[in-house]
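> I would like to see how this sequence folds:
(one chain, ligands or ions: 3)
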Amino acid sequence: MTARDTIAAIATPAGRGGIGIVRLSGPAAPDIARRLTGIQPRPRHAHYVRFRDADGATLDSGLLLYFPAPHSFTGEDVVELQGHGNPVLLDLLLQRLHALGARPARPGEFSERAFLEGRLDLAQAEAVADLIAAGSAAAARAAQRSLEGEFSQRVGRLLQALVEARLHVEAAIDFPEEEIDFLADGQIAARIGAVIDAHAQLLEAAERGQRLRDGLVVAIVGRPNAGKSSLLNALAGSERAIVTDIAGTTRDVLREDVRVGGATLTLVDTAGLRETDDTVEAEGVRRARAELARADHVVVVVDARHPEDLAALREECPAGVPLTVLLNKIDLPGARAPAAAGSRAADAGAAGATVLRVSLRTGENIDALRAHLAGLAGAADSVENTFSARARHVDALRRTGGHLHLALARLDIDRAGELAAEELRLAQQALSEITGAYSPDDLLGAIFSSFCIGK
Ligand SMILES: Nc1nc2c(c(=O)[nH]1)N(C=O)[C@@H](CNc1ccc(C(=O)N[C@@H](CCC(=O)O)C(=O)O)cc1)CN2
Ligand SMILES: Nc1nc2c(ncn2[C@@H]2O[C@H](COP(=O)(O)OP(=O)(O)OP(=O)(O)O)[C@@H](O)[C@H]2O)c(=O)[nH]1
Ligand SMILES: [Mg+2]
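Numbering: from 1, shown residues only. Ligands and ions are numbered 1, 2, ... in the order given. Purely as a prediction, here's the structure:
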């Protein structure tokens, strides 16, 4: 442990409010508090005091709290000054604290110190920021669960099983005369198999947690005039996009966050896909394809009078991205389902996708569409055991999984104990990045700098 300087920041949001809080953390905090207020703060006691300027004039009056190390949010000496919520007053107070020897905190520096002091692991520190950023009750509950260590504990349990499997492999290598037996009797492979199963469950849960945190990105694609922009407007509840009966109306990509059920989705409206000589429209089509390539989910809107359009559209969609097919305009005569179209191509187009028949004009079946989308976004999942997760965590878990599968292959197929051991070591390293037990140098800076100041 190295001695640290003392940091100060306004912890409450910018703007006027009932109360404004300035927080100090570091070894000089109690002394700075004493010089600011003239009293010696008692641990975990609320003092009503005057915050004084250098010349003794009252800057503000408020409450003073002192949490001595290590029993504080950061694990260092923490002082809170709870004054009136006026940004001018709070700035003056902060300047006074700087004059008394505190330095401005960087974004996330309080949480970073809590991490460095071992008060929170990395996933928990990230959950603090996610809790503050949560845009729905479900996302907030999930972040709370991560903050309480739910995610970290599950990572910890997997890590332990992985380390045990690794020890068995290492032991087998260390006793070469027994190695062949060890590797052949299938017990170690079974152990790794169990770790792989547990890993798959955790990855799935983390992906759900990430969807809750980040919201699902849903690209709306289809032929011109199918009703894509009408869909965006219907779900946004406003005339966000221009809708006309002219094919090729939408050219730019339009994004809109919409709430369905308890979840938030980002809908992406795009230009209708078709060959065109119009330079502007062609650029729109190019952008539509780019959105298609990076969406979490694709809604293909098809004019129900032309279900045969579906097969070609389906070919445009990247493999592996889940699809919803919306047969729109069922209010019009001539609307058909793909199966009824009698076309094999249309049937193939709908295979494996959820198909919903709607009219965006009359509103028919829109509720079913909403319920379906809410389910996709995780609102319908048992929120009870969901925890929040970030892309960083999901990425680390995917890399862990890759190494686990390789480890099993080395063992089972190649009978190469040393190579299996190395894969398990890499798996352990990737998994440890989540809670920060192992973290590459630049990772911490990247994580904490995205927090708010004062957090
Ligand atoms: N005024 C205020 N409200 C706040 C915070 C804060 O820092 N200040 N928080 C900041 O994020 C959150 C609460 N999180 C906190 C977590 C730990 C400790 C803390 O001092 N823990 C010590 C002492 C516990 C005790 O007194 O029983 C400990 O755990 O040892 C304080 C706040 C939300 N509300
Ligand atoms: N009858 C009927 N008309 C609809 C329905 N949905 C959309 N329309 C009409 O179809 C036309 C095209 O709708 P848009 O939402 O602009 O279609 P789009 O897919 O965004 O078209 P582009 O932007 O040109 O690719 C408009 O005149 C809409 O009013 C529907 O369910 N029934
Ligand atoms: Mg449009």
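> Just give me the neighbour total for Phe140.
Phe isn't right for residue 140; it's Ala. Per other Cβ atoms under 10 Å, the neighbour tally for Ala140 reads 17. Placement of C-beta: from N, CA and C, glycine included.
> quick one: what helix or strand has it in it?
Using DSSP states H and E, Ala140 falls within helix 137-147.
> other SSEs contacting the following helix or strand past that helix?
Sequence-wise, the next helix or strand downstream of helix 137-147 (DSSP H and E) is helix 150-174. The contact analysis (3 or more Cβ pairs under 8 Å, 6 or more residues apart in numbering; DSSP states H and E) places helix 150-174 against helix 122-133, helix 176-184, helix 187-214, helix 391-412, helix 417-435.
> Give me whichever of the ones you listed is most buried.
Compared across the helices and strands packed on helix 150-174, helix 122-133 shows the largest average neighbour count, a mean of 23 (mean count of other Cβ atoms under 10 Å).
> what sits against Gly401?
Gly401 sits next to 196, 199-200, 203 when contact means Cβ atoms under 8 Å, 6 or more residues apart in numbering.
> Among the helices and strands packed on helix 150-174, show the one with the smallest mean pLDDT.
Mean pLDDT across those is lowest at helix 176-184; the value there is a mean of 63.
> follow-up on the earlier one: show me what the helix holding Ala140 is packed up against.
Counting contacts by 3+ Cβ pairs under 8 Å, 6+ apart, helix 137-147 is packed against helix 122-133, helix 187-214.
> follow-up on the earlier one: dump the contacts of Gly401 to a markdown table, plus distance to Ala139.
Compiled in a markdown table, those are given as follows (distance: Cβ to Cβ, whole Å):
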| residue | distance to Ala139 |
| --- | --- |
| Ile196 | 29 |
| His199 | 24 |
| Ala200 | 24 |
| Leu203 | 19 |
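> Out of the residues you listed, flag the one nearest to Arg415.
Lowest distance from Arg415 to these (Cβ to Cβ) belongs to Ile196, with 18.4 Å.
> returning to what we had before: can you list the helices and strands packed on helix 137-147 in a markdown table and add distance to Thr276?
Listed next are the helices and strands packed on helix 137-147 as a markdown table, based on distance: least, Cβ to Cβ, whole Å:
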| stretch | distance to Thr276 |
| --- | --- |
| helix 122-133 | 40 |
| helix 187-214 | 33 |
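> Between those, which one is closest to ligand 1.
Nearest to ligand 1 among those is helix 122-133; the distance by Cβ to the nearest ligand atom comes to 6.2 Å.
> helices or strands up against the closest one?
Using 3+ Cβ pairs under 8 Å, 6+ apart: helix 122-133 touches helix 109-116, helix 137-147, helix 150-174, helix 417-435, helix 441-448.
> downstream neighbour of the helix or strand containing Ala234 in the secondary structure list?
According to DSSP H and E, Ala234 maps onto helix 228-236. Downstream of helix 228-236, the first helix or strand assigned by DSSP H and E is strand 254-260.
> how about the residues of the stretch 301-450 of the chain near ligand 2?
By the rule Cβ under 6 Å from any ligand atom, the part of the stretch 301-450 of the chain lying against ligand 2 is 328-329, 331-332, 359-361.
> Val243: what's its closest spatial neighbour, skipping adjacent residues?
Using Cβ to Cβ, 6 or more residues apart in numbering and skipping the chain neighbours, the partner closest in space to Val243 is Ser229 (4.9 Å).
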